[in-house]
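K.L.:
Need the 3D shape of this:
(chains A and B)
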Amino acid sequence: MTTPKKRGCLGCSFPILIIVAVIVLVIVVIGFLSGSIGQAMFHIDFPSWMVVEKPEIHLAAPHLFTIFGFPITNTMLAGWITVIFLVLMSWIITRRMKLVPNRLQAVFEFILGWIYDFCESVAGKENGRKFFPVVCTIFLFVAFNAWLSLIPGYGSILVHSNGSEHELLRGANTDLNTPLAIALISCVFVGYYGFKHIGMGWLKQYFNFGPLFRSIGRLFKGKINFMDIFSGFINGFVGGLEFLSMLIRIISFTFRLFGNMTAGEILVLIAAFIFPLAVNWLVYGLELFVGFIQALVFAGLTLVFATMAVASHEAESHEELKNSEKEVLKEGT
Amino acid sequence: MEDGGISQLGINWGVLITQIVTFIILLVLLRLFAYKPLMRMMDERSKRVKESMEQAESVKEQSTRAEEELKKQLEEASREGQERISRAVKAGEELKQKAGEEAKRETEKLIIKARSEIQQERDAAVTEVRREFADLTVLAAGKVIEKSLDKEEHRELIDKVLEESSGPKKE
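P.N.:
Numbers count the residues shown, from 1 in each chain, chains lettered A, B, ... in the order given. As a prediction, this is how the structure comes out:
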């Protein structure tokens, strides 16, 4: 399907190109006929191993087995595989780092350097360096969770447990717990830097009841000023709104990633059910892209929120950061 | 949202905490294995670049300085050579002048000497001629007057005459 049927291109000679085109065509036709649409239209009997069963979609990750009474899910296994993969790769690469890099090291440095530059451009030189490890880890974890789950074996190796069949591995991002975990860490990270840089002022952003209590105190002293009490209420209310927005941030972080990744997985399953063999070539390309974008959005938003928390109360930079947040979101959609 | 909905989405404290721990482990390990070496490498590289740039700058400066020095030296050398040449020329001139003067003096000396020799020659010749002439005159007079006069007396007379005649000429 992706092979253009033009002569003398893709570096292939003409006969080879014809053979490739024929194979592609055969795969497409067989895929169509063995898929659910083809079955409904033509009723051709295929051997049972070629017919894809109707996929069962469950959002909750199943418990495969328990270690020391602790339930292990397939998404946890996938997350650990991502961790092992990332750590092993970086260990292999950084074990013998050279000033003049070889190819693998150059790629590694390019990716991390790109994220580092991103951090510096958003948060400034000093803060960018501080934020970089967490932001980069979020990016790498989300991206490689998404990409590794595209490798054959994820979702296709089945194990029996608890009386039913389950996949041994399933993309960690498709379990609501993983995005929620990263979102909580992101929130704690933002809070930590906000508190560290602005101190109690950062908390006052969310719990701003001081003016209200002061005005009530003045009321007891006999000075009645209703405007004071009113603005005190408003301040407290605004603080509540800020707090609410922080909670909503966590939820939106969680469900954006969860929704995108789960939708991607379901799309792969459905495409394999309706039109086997052929359509998933495109879906895989799309999923690679979506995984990258979601990782970028997650890391980018964390970075922007952290920068906002550090640079709060400065109206100008606040405005600027709002804009950059919008930009990151726009990239995501 | 009711309880059934949440559990269907799969929120589970155990898994959540496990994933948080997993992420933190990943963060720590990556910090150890990826970010620290990378930062070190990047810092070192930028330091190296800065150093080499500074070095290049200093080398450039040095070369300009060396060039200037060379130019100065060349100028110095050429000036010195010029000076030497002019000094040599002057010395030659002097030598020439001195030689000329010497030659002139020598010549003059020679001329004076020659002149005095010529004078002596002439005096000698004149004396000789006078004597010859006197003899001849005596002979001639003797022939004319045929022994009328004594030879001694005659000579005396002629001498006197000659003396008188050549006296004013000799001045």
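
K.L.:
number of nearby residues for the residue in chain B that chain A sits nearest to?
P.N.:
Here chain B gets closest to chain A at one residue, residue B:10, 3.0 Å apart by C-beta to the nearest C-beta. Every residue, glycine included, has its C-beta placed from N, CA and C. Residue B:10 has 20 neighbouring residues, counting by other C-beta atoms under 10 Å in any protein chain shown.

K.L.:
Wait, it touches residue A:176, no?
P.N.:
Yes: applying C-beta atoms under 8 Å as the test, residue B:10 and residue A:176 come out as touching, 5.2 Å apart.

K.L.:
Give me the common contacts of these two.
P.N.:
residue A:59 (C-beta atoms under 8 Å, 6 or more residues apart in numbering or on different chains).

K.L.:
List, one by one, the residues from chain B near chain A.
P.N.:
Within chain B, the positions near chain A by C-beta under 8 Å from any C-beta of the partner chain are B:7-12, B:14-16, B:18-20, B:22-27, B:29-31, B:33-35, B:37-39, B:41-42, B:44-45, B:48.

K.L.:
Please pick the buried ones from these.
P.N.:
Neighbour counting with 16 or more other C-beta atoms under 10 Å in any protein chain shown marks B:9-12, B:14-16, B:18-20, B:22-23, B:26-27, B:29-31, B:33-35, B:37-39, B:41 as buried within the residues of chain B next to chain A.

K.L.:
The residue in the stretch 51-200 of chain A positioned nearest to chain B in helix, strand or coil?
P.N.:
Here the residue of the stretch 51-200 of chain A nearest chain B is residue A:60; by C-beta to the nearest C-beta that distance is 3.0 Å. At residue A:60 the chain is in coil, as set by DSSP: H, G, I helix; E, B strand; the rest coil.

K.L.:
didn't it look like it was pressed against residue B:9?
P.N.:
Yes: counting by C-beta under 8 Å, residue A:60 does reach residue B:9; the two are 6.7 Å apart.

K.L.:
if we can go back for a sec, now the residue of the stretch 51-200 of chain A closest to chain B: closest residue in space, sequence neighbours ignored.
P.N.:
Using C-beta to C-beta, 6 or more residues apart in numbering or on different chains and skipping the chain neighbours, the partner closest in space to residue A:60 is residue B:10 (3.0 Å).

K.L.:
give me the low-pLDDT residue ranges for the chain?
P.N.:
Assuming you mean chain A. Scanning chain A for pLDDT under 70 picks out the ranges A:1-12, A:47-52, A:162-163, A:223, A:312-333.

K.L.:
actually it's chain B I care about, not the one you picked
P.N.:
In the predicted model of chain B, residues B:1-8, B:146-150, B:166-171 satisfy pLDDT under 70.

K.L.:
Show me where it has its helices.
P.N.:
B:3-9, B:13-30, B:36-145, B:151-169 (DSSP state H).

K.L.:
Just send those helices back as TSV, with distance to residue A:149 too.
P.N.:
TSV is the format used below for the helices of chain B (distance: least, C-beta to C-beta, whole Å):
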stretch	distance to residue A:149
helix B:3-9	19
helix B:13-30	15
helix B:36-145	26
helix B:151-169	154
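
K.L.:
looking at these, which is closest to residue A:197?
P.N.:
Nearest of the helices of chain B to residue A:197, taken as C-beta to C-beta: helix B:13-30 at 20.5 Å.

K.L.:
That closest one - contacts with which helices or strands?
P.N.:
strand A:70-73, helix A:74-95, helix A:125-148, helix A:177-198 (3 or more C-beta pairs under 8 Å, 6 or more residues apart in numbering or on different chains; DSSP states H and E).

K.L.:
Including distance to chain B and mean neighbour count, could those go into a markdown table?
P.N.:
Compiled in a markdown table, those are given as follows (distance: least, C-beta to the nearest C-beta, whole Å; neighbours: other C-beta atoms under 10 Å in any protein chain shown):
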| stretch | distance to chain B | mean neighbour count |
| --- | --- | --- |
| strand A:70-73 | 6 | 18 |
| helix A:74-95 | 4 | 19 |
| helix A:125-148 | 5 | 22 |
| helix A:177-198 | 4 | 21 |
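
K.L.:
With distance to residue A:292 added, can I get the ones you listed in JSON lines?
P.N.:
Listed next are the helices and strands packed on helix B:13-30 as JSON lines, based on distance: least, C-beta to C-beta, whole Å:
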{"stretch": "strand A:70-73", "distance to residue A:292": "25"}
{"stretch": "helix A:74-95", "distance to residue A:292": "15"}
{"stretch": "helix A:125-148", "distance to residue A:292": "6"}
{"stretch": "helix A:177-198", "distance to residue A:292": "16"}
